[in-house]
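Participant: Output the structure for:
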Amino acid sequence: MPELPEVETVRRGLAPHLVGARIAKAQTKRADLRFPFPKRFAERLEGRRVEALRRRAKYLLAELDDGYIWVTHLGMTGRWSVIGAKRQPGDFYYAEPPNPAHTHVVLDMEAGRKGEATRLEFNDPRRFGYMDLIARDAFDSHPWFKGLGPEPLGNEFHAPYLAEAFAGKKANLKAALLDQRVVAGLGNIYVVEALHRAGIAPVCAAGSVSKPRLEKLSVAIREVLEEAIAVGGSTLSDYASVDGAQGGFQQRFRVYDREGARCVTPKCGGAIKRAVHGGRSTFWCAKCQR
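Facilitator: Numbering: from 1, shown residues only. Okay, here's the model as predicted:
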């Protein structure tokens, strides 16, 4: 499933084609994805201007000029394509060209200042993605968003916050970080990578981690996410983009998917271990992560 850096990469790729543009025509080719589309969804999108495109956790949020927010979650296989563009939103993440049989939403944007109309298509083979329209004044209380923790790249995320959030918690640190009520948008890959950089074992109790170590962890989380966004996220299968560039962050994995490999920490010499926690693979070095 795309994690925060992949969703942010998609947002940045879509923004030039959406923000400030008006949706001339919208089509839905089925009644639902993971959930049914809102009533009159395509009709309600048509004629609307996109005023901003934000990201909250792993959601894309298009703010419309009628006071509604058009929400998209990519699910496991959802992707947006800009028809005719040489580079695609999330180009680094997706391994294969989209199959037109799985295109479920089509948007035709009005011609902009350059006189070129843009077509956007949402493709989702497994249909675990979903969309909705939420009134702006109801957004913060919506069940998808009201319980989310702070953004890990925002000003509210720091060591003192983590110390307060983890106080008394016996759950292991990795599970605590994956709890979206604690931190919004963190996923498995970037949690295990950040824990390795911070030198903290994923299985230690969250409430037992000292404030100095939480400071290292908060910095490591920011660094991992910013580095991943800079290279377009992670591709988890062989892939070269249209210009031959290999993407992206998976080439920099220190522990993820490296079971049995030597730890890259200088002078460590340990081997990467793997275990399954909560149905997800955990990778770490038992020698330098404590």
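
Participant: Okay, strands next: where are they in the stretch 151-290 of the chain?
Facilitator: Taking DSSP state E, counting those that start in this stretch as the criterion, the stretch 151-290 of the chain contains strands spanning 272-277, 280-285.

Participant: What helices and strands are in contact with the last one?
Facilitator: Right, the one you point to is strand 280-285. helix 188-198, strand 272-277 (3 or more Cβ pairs under 8 Å, 6 or more residues apart in numbering; DSSP states H and E). (Glycine included, C-beta is placed from N, CA and C.)

Participant: do that again at 10 Å, thanks
Facilitator: helix 173-178, helix 188-198, strand 272-277 (3 or more Cβ pairs under 10 Å, 6 or more residues apart in numbering; DSSP states H and E).

Participant: The first one too?
Facilitator: If you count contacts as 3+ Cβ pairs under 10 Å, 6+ apart, strand 272-277 packs onto helix 173-178, helix 188-198, strand 280-285.

Participant: Could you give me the buried positions within that strand?
Facilitator: Residues of strand 272-277 classed as buried: 272-273 (neighbour count, 16 or more other Cβ atoms under 10 Å).

Participant: Ok, the last one next?
Facilitator: Going by neighbour count (16+ other Cβ under 10 Å), the buried part of strand 280-285 is 282-285.

Participant: Look up the closest residue to residue 268, ignoring the ones flanking it.
Facilitator: The spatially closest residue to residue 268, leaving aside those adjacent along the chain, is residue 288, at 4.5 Å (Cβ to Cβ, 6 or more residues apart in numbering).

Participant: Please report the distance of the one you found from residue 189.
Facilitator: Residue 288 sits 19 Å away from residue 189 when distances are taken as Cβ to Cβ, to the nearest Å.

Participant: do residue 62 as well
Facilitator: Applying Cβ to Cβ, the value for residue 62 to residue 189 is 26 Å.

Participant: Could you do residue 273 as well?
Facilitator: From residue 273 over to residue 189 (counting by Cβ to Cβ), the distance is 16 Å.

Participant: now swap in residue 104 and tell me
Facilitator: When Cβ to Cβ is applied, the distance between residue 104 and residue 189 equals 27 Å.
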